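>>> I'll drop the sequence and a predicted model, then ask my questions.
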Amino acid sequence: MGAAAHPAGHTVQLWARDAAQAQAMRTARENTRYLGGIAFPPRLVVIDGDVMPAVAQADLVIVATPMAALREWLQRLAQSTAPVAWLSKGFEAATAPGLPGLMAHEVCAAVAPQLRAGVFSGPSFALEVARQQPTALVAASSHAAVSEALVAAFHSSHVRVYASSDIVGVEVGGAVKNVLAIATGLCDGLQLGLNARAALITRGLAEMTRLGMALGAQGKTFMGLSGLGDLVLTATGDLSRNRKVGLLLAQGQTLDQAVQSLGHVAEGVYSARTVWQRAQLLGVEMPISETVVALLDGRLHVSEAVRHLMERDPKGE
Ligand SMILES: NC(=O)c1ccc[n+]([C@@H]2O[C@H](COP(=O)([O-])OP(=O)(O)OC[C@H]3O[C@@H](n4cnc5c(N)ncnc54)[C@H](O)[C@@H]3O)[C@@H](O)[C@H]2O)c1
Ligand SMILES: O=P(O)(O)OC[C@H](O)CO
């Protein structure tokens, strides 16, 4: 996102937790490990060590870590006076037995309630954003100042940023699409055909919307960029790590092998159980997500997954 912010005329401080990786990026003026071949813009500065001096100077702080690291980062940033936005797309794993896992804004409310914060989401493979290919995103927060800061920082000739106040809807879309992309990868890996893929995406959108509305989201959010848009991208785009997990499971790899071979996080693997757990608590039917959880937990074999979905009782659409 650092490269994306630059055309709007901002200086970006990119913090890396690994000092050697930070030095390698300073030397190469690119992130060879993750986005090789994309030169950093001149006003991007790579930093490491204590991040707080940079936070104190910032007009906007972006947290670009997997969901599993978000709690720790929001605790660290709790006193920031600048708005904070996260890119993480997932539900947190339960932190104690008997407690449901949380959405990102719920984690924020628990550990940094005074922070002006929100989520930056939508269909956006990092590689295409870095190449400055056209991308449209959603900035969602209950604080208008946060969405406004994201629009000011990122809206440009190649990135369109739409503001939303429906943070629940945007976060549910971002988390559930990853689970559904695992299912779609599996479907394509098993060569079940285009009819099956369209059915999974459409019924997946229905279950995403059901869960979101039960959690208090607005239905229309799921027809937007962070819902349908990101679901279509992740379920069908071969740059997706979540889709890749499904494809690899279909080839007979174990979950551990599939996750190891990615080298990046596939959030659906970690969010699926929480998504399913929250749906169960609310009495929301999510048969595709339920099937993915059963596969990931090893309770269902790949070869049984399709039968599991197809043999459900008939019902109205
Ligand atoms: N890559 C994409 O195309 C993309 C696009 C939009 C949103 N996202 C979301 O953004 C989040 C991050 O995705 P990614 O692709 O950058 O993941 P990634 O697996 O590449 O990890 C991103 C970085 O976070 C670092 N990290 C991990 N734990 C950390 C911690 N505790 N503190 C600091 N840094 C830590 C990793 O070392 C890595 O450099 C995910 O939730 C993902 O769903 C990714
Ligand atoms: O590679 P994935 O599956 O994590 O998807 C990346 C982005 O979330 C797409 O918007």
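Thanks, I have it. Ligands and ions are numbered 1, 2, ... in the order given.
>>> what about residue 136, which SS state?
strand (DSSP: H, G, I helix; E, B strand; the rest coil).
>>> Kindly report the same for residue 163.
strand.
>>> The nearest residue to it once chain neighbours are set aside and residue 26, how far apart?
Taking Cβ to Cβ, 6 or more residues apart in numbering, and ignoring the residues beside it in sequence, residue 163 has residue 147 as its nearest neighbour in space, at 3.8 Å. Just so you know, the C-beta spots here come from the backbone N, C-alpha and C atoms, and that holds for glycine as well. Distance of residue 147 to residue 26, given as Cβ to Cβ, to the nearest Å: 32 Å.
>>> Of the two, which one has the most company?
Per other Cβ atoms under 10 Å, whichever of residue 147 and residue 26 has more neighbours is residue 147, with 25 against 15.
>>> ok so, going back, contacting residues around the residue nearest to residue 163?
Contacts here follow Cβ atoms under 8 Å, 6 or more residues apart in numbering; on that basis residue 147 touches 118, 139, 140, 141, 163, 164, 165.
>>> Tell me which helix or strand it sits in.
helix 144-154 (DSSP states H and E).
>>> Average pLDDT for that helix, rounded please.
For helix 144-154, mean pLDDT rounds to 96.
>>> ok, now stretch 272-285?
On average, stretch 272-285 scores 97.
>>> what about that stretch, distance to the chain center?
18 Å (Cα atoms, centre = their mean, to the nearest Å).
>>> repeat for stretch 81-93
For stretch 81-93, the distance to the chain centre is 10 Å (Cα atoms, centre = their mean).
>>> Could you list the buried residues of that stretch?
Of all the residues in stretch 81-93, those buried under the rule 16 or more other Cβ atoms under 10 Å are 82, 83, 84, 85, 86, 87, 88, 89, 90, 91, 92.
>>> Out of these, just show me the ones up against ligand 1, please.
Contacts with ligand 1 within the buried residues of stretch 81-93, as defined by Cβ under 6 Å from any ligand atom: 87, 88, 89, 90.
>>> Which single one of those is nearest to residue 280?
Nearest to residue 280 among these, counting by Cβ to Cβ, is residue 90 at 17.9 Å.
>>> For the closest one, which non-adjacent residue is spatially closest?
Closest residue in space to residue 90, ignoring its immediate chain neighbours: residue 67 at 3.5 Å, by Cβ to Cβ, 6+ apart.
>>> hang on, that neighbour packs against residue 270?
Yes: counting by Cβ atoms under 8 Å, residue 67 does reach residue 270; the two are 6.8 Å apart.
>>> The two: which has the busier surroundings?
Using other Cβ under 10 Å, the more surrounded residue of residue 67 and residue 270 is residue 67, with 27 against 21.
>>> Return the residues in contact with that one.
Residue 67 touches 88, 89, 90, 91, 92, 104, 267, 270, 271, counting by Cβ under 8 Å, 6+ apart.
>>> CA-only coordinates of stretch 63-75 in PDB, if you can.
Output of stretch 63-75 as PDB, limited to C-alpha atoms (Å, rounded to 0.1, in the frame of the first residue of the first chain):
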ATOM      1  CA  VAL A  63      -1.500  -2.000   9.900                       C
ATOM      2  CA  ALA A  64      -0.700  -4.500   7.200                       C
ATOM      3  CA  THR A  65      -0.300  -7.700   9.100                       C
ATOM      4  CA  PRO A  66      -2.200 -10.900   9.200                       C
ATOM      5  CA  MET A  67      -5.300 -11.000  11.500                       C
ATOM      6  CA  ALA A  68      -3.300 -13.000  14.100                       C
ATOM      7  CA  ALA A  69      -1.000 -10.000  14.800                       C
ATOM      8  CA  LEU A  70      -3.700  -7.300  14.800                       C
ATOM      9  CA  ARG A  71      -4.500  -7.500  18.600                       C
ATOM     10  CA  GLU A  72      -0.900  -7.000  19.500                       C
ATOM     11  CA  TRP A  73      -0.600  -4.000  17.100                       C
ATOM     12  CA  LEU A  74      -3.800  -2.300  18.200                       C
ATOM     13  CA  GLN A  75      -2.600  -2.600  21.800                       C
END
